[in-house]
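Novice: what follows is a predicted protein model with its sequence.
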Amino acid sequence: MHFRFDSASLQASLRLAPHVRLELSCVEETGSTNADLLERARHGRLPDGDAGALSVLIARQQRAGRGRAGRTWQADPGAALLMSLGTTRRLHAGLIGALPLAVGAVAASALQQLGANVMLKWPNDLLLVPAAPEHAERVGKLGGVLVETHALAGDQLGIVVGIGVNGSLPQTALTPGGLPPAALCEAAACTAPAAAVTAALVEALADLLVQPDLPGTIHTLVLQRYPALDYARGRPVQMIQGGAVVLDGIADGIDSDGALRVRSAHGMRRFVQGDCSLRFGGQT
């Protein structure tokens with residue numbers, strides 16, 4: 001699957017909700033789509049999400065793609081969907097702390113409707129999961145979500161949501177202890193072309209970001225949709241901080257604020273985003 005299209009053809013294919021107004025641009029190359037939209041936010045050039053407007057920027061290649069905790073996101077040109085959506089809302093950043101989980105739930109649902117069996121790994125990874133349980137070892141990282149915000153004057157908040165989804169397998173080295181990469185080309189039931197995958201994600205994420213009650217929508221998604229997509233729940237996990245294991249236990253689901261619960265011999269412990277990373281396996 002190869003991602004390459006122009007703004008006009010993609011815009012024409014979109015079936016947006018009536019309340020959504022979208023500024024779409026596709027570029028051949030940039031440093032980081034998230035960084036580009038954050039720069040627009042700093043200069044007051046992101047559209048008003050309270051009025052249903054947002055910007056979408058898609059790049060065929062990124063020179064400085066970023067993931068969570070400052071990690072790099074690498075993809076061969078055209079091999080992945082590299083996209084960011086940006087808007088401003090009149091609300092406090094503390095009200096949308098679980099937005100990465102809500103974005104993941106919406107994105108996974110959209111990809112499932114296209115035939116890809118996608119689940120989630122807390123807090124921001126999209127996993128491609130084999131339909132057959134006997135092939136559980138083939139679970140791989142399909143993509144990820146990066147949410148960044150910038151406080152503006154008054155009660156305005158710039159919100160930028162980045163998402164990367166592999167269309168074909170990357171040629172990059174793996175992170176030690178991490179899941180192997182996965183790509184939509186491996187999902188036999190997903191026969192949608194790259195443009196249709198992109199349109200489905202733009203439509204779903206745009207609708208989320210301009211919801212009149214964004215905090216309430218996030219809360220509902222985390223409580224009602226995320227649990228069915230939570231691949232970690234009930235599985236042995238290790239919580240990693242600074243390269244060291246800080247806890248072995250069993251993942252026990254997500255709280256309404258987006259915190260991960262892990263049960264161990266020492267009881268239940270909560271982890272908020274930014275505390276630790278999650279790795280599958282370990283002692284039970």
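Specialist: Received it, and whenever you're ready, just let me know what you need. Numbering: from 1, shown residues only.

Novice: quick one: the strands in the stretch 51-200 of the chain?
Specialist: 53-62, 80-90, 118-121, 125-128, 140-151, 156-166 (DSSP state E, counting those that start in this stretch).

Novice: how far off strand 156-166 does the first one point, in degrees?
Specialist: Which is strand 53-62. Going by axes from the mean of the first three to the mean of the last three Cα atoms, to 10 degrees, strand 53-62 is angled at 40 degrees with respect to strand 156-166.

Novice: follow-up on the earlier one: any chance of the strands of the stretch 51-200 of the chain in TSV, plus mean pLDDT?
Specialist: Listed next are the strands of the stretch 51-200 of the chain as TSV, based on pLDDT from 0 to 100:
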stretch	mean pLDDT
strand 53-62	96
strand 80-90	97
strand 118-121	97
strand 125-128	96
strand 140-151	95
strand 156-166	96
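
Novice: for those, which one sits closest to R45?
Specialist: R45 lies closest, by Cβ to Cβ, to one member of the strands of the stretch 51-200 of the chain: strand 53-62, at 8.5 Å. No exception for glycine: its C-beta is placed from N, CA and C like everyone else's.

Novice: now do the same contact list for the nearest residue to R42 once chain neighbours are set aside.
Specialist: Distances taken as Cβ to Cβ, 6 or more residues apart in numbering place H150 nearest to R42, at 6.0 Å, with adjacent residues excluded. By Cβ atoms under 8 Å, 6 or more residues apart in numbering, H150 lies in contact with L38, A41, R42, L157, G158, V160.

Novice: how about G167?
Specialist: So G167 contacts M1, H2, F3, G78, A79, A80, L81, A183, L184, C185, A194, V197 (Cβ under 8 Å, 6+ apart).

Novice: what is the burial count for the nearest residue to it once chain neighbours are set aside?
Specialist: For G167, ignoring the flanking residues on the chain, the nearest one in space by Cβ to Cβ, 6+ apart is M1 at 3.3 Å. By other Cβ atoms under 10 Å, the residues close to M1 number 20.

Novice: quick one: M1 and S168 touch, right?
Specialist: Yes - between M1 and S168 there is a contact at 5.7 Å, judged by Cβ atoms under 8 Å.

Novice: which residues are in contact with each of these two?
Specialist: Jointly contacting M1 and S168 under the rule Cβ under 8 Å, 6+ apart are A183, L184, C185.

Novice: the second one touches C190, doesn't it?
Specialist: What that stands for is L184. Yes - the pair L184 and C190 passes the contact test of Cβ under 8 Å, sitting 5.5 Å apart.

Novice: where do the helices sit along the protein?
Specialist: Counting by DSSP state H, one finds helices in the chain at the ranges 7-13, 33-42, 99-113, 194-209, 214-220, 226-229.

Novice: tabulate those in a markdown table, adding columns for mean pLDDT and mean neighbour count.
Specialist: Compiled in a markdown table, these are given as follows (pLDDT from 0 to 100; neighbours: other Cβ atoms under 10 Å):
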| stretch | mean pLDDT | mean neighbour count |
| --- | --- | --- |
| helix 7-13 | 93 | 13 |
| helix 33-42 | 96 | 21 |
| helix 99-113 | 98 | 23 |
| helix 194-209 | 97 | 20 |
| helix 214-220 | 97 | 18 |
| helix 226-229 | 98 | 18 |
